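*Asks:* Requesting a structural model of the entry that follows:
(3 chains)
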Amino acid sequence: MTEEIIIAGFGGQGVLSMGKILAYSGIMQDQEVAWMPSYGPEMRGGTANVTVILSDERISSPILTKYDTAIVLNQQSMDKFESMVKPGGVLIYDPNGITHEPTRKDINIYKIEGTAIAVEQGNPKVFNMIVLGGFLKIKPIVKLENVEKGLQKSLPARHHKMIPMNIEAIQTGMNSVEVVNQL
Amino acid sequence: MAEVKLMKGNEVIAEAAIRCGCDVYYGYPITPQSEVMETLMARKPWEETGMVVLQAESEISSINMVYGAAACGKKAMTSSSSPGISLMQEGLTYLAGAELPCLVVDVVRGGPGLGTIQPAQSDYFQATKGGGHGDYHLIVLAPASVQEMNDFVGLGFDLAFKYRNPAMILADGVIGQMMEKVQLSEYKPRWTEEEIEKMSDSWALTGKKAHRSHNTITSLELDSYKQETFNHKLQAKYHAMEENEVRFEEIQCEDAEYLFAAYGSASRICQKAVQLCREQGIKVGILRPITLYPFPTKEIERLSKQVKGILTVEMSAGQMVEDVRLAAKFKIPVEHYGRFGGVIPTPEEIVEALKKQIIGA
Amino acid sequence: MSVELKDIIKEENIVYKKTPVLTDNVMHYCPGCSHGVVHKIIAEVIEEMGIQDKTIGVSPVGCSVLAYNYLDIDWAEAAHGRAPAVATGISRIHRDRYVFTYQGDGDLASIGCGEIMHACSRGENIVVIFINNAIYGMTGGQMAPTTLLGQVTATTPYGRDAKLNGFPMKLTELLAQLDGTCYVTRQSVHTPANVRKAKAAIRKAFENTRKDKGTSFVEIVGTCNSGWKMSPVDANKWMVENMFPKYQLGDIKDI
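*Replies:* Numbering: from 1, shown residues only, chains lettered A, B, ... in the order given. Okay, here's the model as predicted:
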C-alpha cells in the first residue's frame, strides 16, 4: 500500500500539523512515511501545503505531481491541485470560501463542512482534525488507535489533555463527510 | 533498538551532532537550514554533553571558529546554505591546507547570488572541486533521506579525522525541510582531554608540554619546494580516499538497459521515475553516488559497459554530468536533465527526458 | 693574567637571561622593528605566570605571520583578519586556557574589523595584542587604516588625503565602548620605561583571562622603519612626534 496525499490551504489552518499527525499515525503502524512542506515566504499568511506519503515500502520521491488524495482547504489550492489528483483518486474539500466547485468527473469528490462545524462547536482549533476525520472515513489507511498514539507522539506532553477532544473531532468529521461525485 | 522518530532533516543534524560526541557548533542563520542551530539552542547540549553552541557574527567567523576548535583536536562543526558556504570558502581552504578535520553541512539553495531559498543542487562544483583556492578536496557526502542526515554526521566526523581533512554533508532544502522516519544514533561520549592527547598530541594544540616541541597549525610554507612536497602529501591522501572511501547505491541496476545517475533528493525523484518507466517496460536503474568526492568513477565505468545510455538528473544546469561523462569515457551517450533556480524536476519530466535525450536519440 | 670568556660567562655573573619561552630561531624582523620586543615581553609574561602549557597563540597574516616560530607555545595561524574568530573557537571549548591573538593594524583594523568588534562585543575571554605601526609591513609599505593624514606610503605616494583615503582609524577607542572589553590600553616599547609599562599591561591582560573577566585589548604603537623608510632612531623620533599626538598612550578602560 502506498498513499500519496497533498494537504493544502491557508497558513494557520493546521495543514502542516494535520500532515504530521497522519505521518506519525503511519509510523505507529510500522509504515514508511514522508512529510514534505512548502516552505519560505509564501508560508507567511499565504498558502501552505504539505505532501504526506504513507507506504509499506521504501518511499521514492517526496516531490510529486500526481496524488492519490488531495485535501483542499481554500480556492487557490483547489485551482492548483484539482488537476493533480490521479484518475480514480480522491478530492476532499471544505466548501468554505470555495467559489469554483470542482468539476472533474473521473475522480471521487467529497466535501466536509469543517469550518462550519468547528465554528458551530465554538472550537476553531479542531478544524483540521474534523477534516482529517473526513479523510479517514473515506480512506481508513490508519487505525484510529494509531492516530491517538500519533497524537501522543506529535504533541508535547502539556497538550496531551487535549487528545480526547481531538479524537472526538475526528469522529465528528467521519460522520460529516458528504459525497459530491462518486465513481 | 533505538526509538523511531519523525523529524526534519535539519533537526536530525542537530540531534545527531549531540549524540555523536560533537564538541562544538559555530553557525550563522540562513534559510533553509536555520533549524539546525535553533534545535541545538533549544536542546542546550552544554548542560547534557558539554557541547558548546555559539551564534557567530557571520559565516566567515563561524568557519574560522571551527578552525580554532579543530586546531585543538576537537570535533567541530558548522552548517549553512549556499551563499553562506561561499563566504566560508576561505576558511575551508585554510582548514584543508592546515589538515584540520571538521564537519560542514551545506543545505543547498538555488543561486547564483542571493538566488532563492528553494532547494537546488547547483553547488556540486563548489563542494567537490575544492571551492576555495589551491589543490584540495573536501570529503563530500550526499544524503538522500532524513535517516542519512543522521548517519552521515557520525560518518562525516569519522572520515574527517581519519584523513585530517574537512568533510561536508551536501544536502538541499528538500532533505533539510522534509520529515521522515529516523532512528537516531546511540549516544557516544565526547572525547576526554586525555583521549584527545593520546590521539592527536602530535599535531593538535593541546598545550606545549615538556616532552614535545610546540605544535603549530598553519597552512603557510614560504619555501616552494617544501610546499610542493606538502601538496604531494595531500594528493596521496586524496588518492587513498579514492581507493578506500567511495560509497554509492545501485537501485534496480541488475537488468538495467538505461541508467539514471543522480544524488540526494534528485535520486529520490528518479526512484519514482524508475517505477513509471518500468510500468512502461523501460528497464532503467539508478546509480546514486553517496560520496560525491571521492566519486564512484569505477562503478559508473562498469555500468557504462552494461547500459545503452546514462541520464544524469540534477537540480542544476549540469555539473555532476561532467564527472559521469569522464567516468563513462564518452563510449555511450551521457546526457543531463535538470531543473534549477529552486525548481524541482518531476518524475514525469524525467521519464520524458530519458525517452527524448537517451532512448530516442 | 688574561681574562677568558668562560671566566665571565658564569651563573653568578648573569644579569639578563633570555626567557626559555622564546625559541632560539633567528627572527626575520627588520632591525629596529617593534615586533621583537613585544614578542619578548609576551614570552616573559608567559614564563613568569607559569602558563606555557596552557597558552595558545593565534598569529595573523602580516609581518608577524611567523610568530609561531619564536614563542615556544602551541600556535594556530589564522586567515587574514580572522584571528579573533579562531581565538573564540579555541577559548569557548577551553575555558582554562590563555588564548591570545597577535595582530597588526591591517589584519585587525582593516580586513578583520568585523571579527575583532564581535569578539570584543561578546567579551571573549581572550587577550588581543594589537601592533599599530600605521602601515602594511609585509606587503611592502601600503596604507593601513591607522596611517596618518599626510603620511606617505606605497599606495598614498602623495600622502594620505582624507578626501581620497578617509581618516586614520582609532579602533582601540571604539572597542573600549563595547561592554565585552574589560581592559583597553595603548602602550609603546620605544624606551626601557615604556617596555616595562607595556609588559605590565600585557601581564594584567593575561591575569584578566585567569579571572575570566572578558576581552583585554593591548595596543602597542610601534615603528616600521623599513616601511617608513627611516633609520630606527629616526623612526622612534617620528613616532613620538607624529603617532603619539593621534594615538595617545595610556589606559582607556580598566574595569
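
*Asks:* ok, residue B:103 to residue B:38 distance?
*Replies:* Residue B:103 sits 18 Å away from residue B:38, taking CB to CB, to the nearest Å as the criterion. Heads up, the C-betas are built off the backbone N, CA and C, glycines and all.

*Asks:* Same question for residue B:294.
*Replies:* From residue B:294 over to residue B:38 the distance is 33 Å, taken as CB to CB.

*Asks:* okay, the two: which has more neighbours?
*Replies:* Between residue B:294 and residue B:38, counting by other CB atoms under 10 Å in any protein chain shown, residue B:294 is the more crowded of the two (21 against 15).

*Asks:* contacting residues around that one?
*Replies:* With contact set as CB atoms under 8 Å, 6 or more residues apart in numbering or on different chains, residue B:294 has these partners: B:139, B:238, B:241-242, B:245-246.

*Asks:* what phi and what psi does the backbone show at the closest residue to chain A within the stretch 101-250 of chain C?
*Replies:* Evaluated by CB to the nearest CB, the stretch 101-250 of chain C has residue C:114 as its residue closest to chain A, separated by 27.8 Å. Torsion angles at residue C:114 (phi, psi; degrees, to the nearest 10) stand at phi -60, psi -40.

*Asks:* Touching, it and residue B:56? I think so.
*Replies:* No - proximity of residue C:114 to residue B:56 does not meet the contact threshold set by CB atoms under 8 Å, at 10.3 Å.

*Asks:* Now the residue in the stretch 1-150 of chain B that chain A sits nearest to: closest residue in space that isn't a chain neighbour?
*Replies:* For the stretch 1-150 of chain B, the nearest residue to chain A under the criterion CB to the nearest CB is residue B:117, separated by 5.0 Å. Nearest-residue entry for residue B:117: residue B:31, 4.4 Å, with adjacent residues in sequence omitted and distances by CB to CB, 6 or more residues apart in numbering or on different chains.

*Asks:* quick one: which of residue C:114 and residue B:56 has more around it?
*Replies:* The neighbour count for residue C:114 versus residue B:56, taken as other CB under 10 Å, is higher for residue B:56 (24 against 16).

*Asks:* who's in contact with that one?
*Replies:* Residue B:56 touches B:26-28, B:62, B:65, C:85, C:88, C:118, counting by CB under 8 Å, 6+ apart.

*Asks:* Show me what from chain A comes close to chain B.
*Replies:* Taking CB under 8 Å from any CB of the partner chain as the criterion, the neighbours of chain B within chain A are A:20, A:23-24, A:27, A:32-37, A:39-41, A:58-66, A:153-154.

*Asks:* Now restrict the residues you listed to buried residues only.
*Replies:* When burial is judged by neighbour count using 16 or more other CB atoms under 10 Å in any protein chain shown, the buried members of the residues of chain A next to chain B are A:20, A:23-24, A:27, A:32-37, A:39-40, A:59-64, A:66, A:153-154.

*Asks:* so of those, which ones are in strands?
*Replies:* Where these overlap with strands, as defined by DSSP state E, the overlap consists of A:32-37.

*Asks:* still on that earlier bit, can you pick out the most distant pair from the contacts of residue B:56?
*Replies:* The span of those, defined through CB to CB, is set by B:27 and C:118 at 14.0 Å.

*Asks:* So for these two, which residue has more residues nearby?
*Replies:* A side-by-side neighbour count of residue B:27 and residue C:118, using other CB under 10 Å, places residue B:27 first with 28 against 19.

*Asks:* Isn't that one up against residue B:55?
*Replies:* Yes - with contact defined as CB under 8 Å, residue B:27 reaches residue B:55; the gap is 6.6 Å.

*Asks:* right, and residue B:184 touches residue B:14 too?
*Replies:* No - no contact is recorded between residue B:184 and residue B:14 when judged using CB under 8 Å, the distance being 10.9 Å.

*Asks:* With neighbour numbers in mind, choose between these two.
*Replies:* For residue B:184 versus residue B:14, the count of surrounding residues by other CB under 10 Å is larger for residue B:14: 28 against 18.

*Asks:* Pretty sure the more buried one sits against residue B:40.
*Replies:* Yes - distance between residue B:14 and residue B:40: 4.6 Å, which falls inside the contact criterion (CB under 8 Å).

*Asks:* what touches both of these two?
*Replies:* By the contact definition CB under 8 Å, 6+ apart, residue B:14 and residue B:40 are jointly contacted by residue B:25.

*Asks:* Any chance of the contacts of residue B:56 in JSON lines with distance to residue C:169 as columns?
*Replies:* Output for the contacts of residue B:56, formatted as JSON lines (distance: CB to CB, whole Å):
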{"residue": "B:26", "distance to residue C:169": "27"}
{"residue": "B:27", "distance to residue C:169": "30"}
{"residue": "B:28", "distance to residue C:169": "26"}
{"residue": "B:62", "distance to residue C:169": "26"}
{"residue": "B:65", "distance to residue C:169": "25"}
{"residue": "C:85", "distance to residue C:169": "20"}
{"residue": "C:88", "distance to residue C:169": "22"}
{"residue": "C:118", "distance to residue C:169": "17"}
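
*Asks:* and the residues you listed, which of them are in strands?
*Replies:* When DSSP E defines the strands, the subset of these inside them is B:26-27.

*Asks:* measure the nearest residue in space to residue A:141 that is not next to it in sequence to residue C:87 for me?
*Replies:* Spatial nearest neighbour of residue A:141, excluding adjacent residues (CB to CB, 6+ apart): residue A:3 at 5.2 Å. Applying CB to CB, the value for residue A:3 to residue C:87 is 54 Å.

*Asks:* Between these two, which is the more surrounded one?
*Replies:* Neighbours were counted for residue A:3 and for residue C:87 using other CB under 10 Å; residue C:87 has more, 31 against 18.

*Asks:* need the contact list for that one.
*Replies:* When contacts are counted by CB under 8 Å, 6+ apart, residue C:87 is found next to B:68, C:58, C:99-101, C:119, C:124, C:126, C:128.

*Asks:* ok so, going back, hey, what's in contact with both of residue B:27 and residue B:55?
*Replies:* When contacts are counted by CB under 8 Å, 6+ apart, residue B:27 and residue B:55 are jointly contacted by residue B:37.

*Asks:* Can you pull the phi and psi angles for the residue nearest to residue A:141?
*Replies:* For residue A:3, the backbone dihedrals are phi -120, psi 120 (criterion: degrees, to the nearest 10).

*Asks:* The one 4 residues further on too?
*Replies:* Main-chain dihedrals, residue A:7, degrees, to the nearest 10: phi -120, psi 120.

*Asks:* you'd agree it is up against residue A:19?
*Replies:* Yes - judged on CB under 8 Å, residue A:7 makes contact with residue A:19 at a distance of 5.3 Å.

*Asks:* Identify the contacts common to these two.
*Replies:* Common neighbours of residue A:7 and residue A:19, using CB under 8 Å, 6+ apart, are A:50, A:52.

*Asks:* Would you state the secondary structure element containing residue 171?
*Replies:* I went with chain A, as the question did not name one. Residue A:171 is part of helix A:163-174, with elements assigned from DSSP states H and E.

*Asks:* Chain B, not that one
*Replies:* Applying DSSP H and E as the criterion places residue B:171 in strand B:166-172.

*Asks:* wait, does that strand make contact with chain C?
*Replies:* No - using CB under 8 Å from any CB, strand B:166-172 stays clear of chain C, coming no nearer than 14.0 Å.

*Asks:* just the helices in the chain please.
*Replies:* You didn't pick a chain, so chain A it is. Using DSSP state H, the helices of chain A run over residues A:15-28, A:75-81, A:114-120, A:127-138, A:144-154, A:163-174.

*Asks:* You answered for a different chain; I wanted chain C.
*Replies:* Remark: helices of chain C, listed N- to C-terminal, are C:5-8, C:35-49, C:83-91, C:105, C:113-122, C:162-165, C:171-176, C:192-210, C:225-228, C:232-238, C:244-246; assignment by DSSP H.

*Asks:* Kindly export the first one (C-alpha atoms) in CSV.
*Replies:* Yep, that's helix C:5-8 we're talking about. Extracted in CSV, the C-alpha atoms of helix C:5-8 (Å, rounded to 0.1, in the frame of the first residue of the first chain):
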residue,chain,number,x,y,z
LEU,C,5,85.2,34.5,28.2
LYS,C,6,84.5,31.3,30.1
ASP,C,7,85.6,33.1,33.3
ILE,C,8,83.0,35.8,32.7
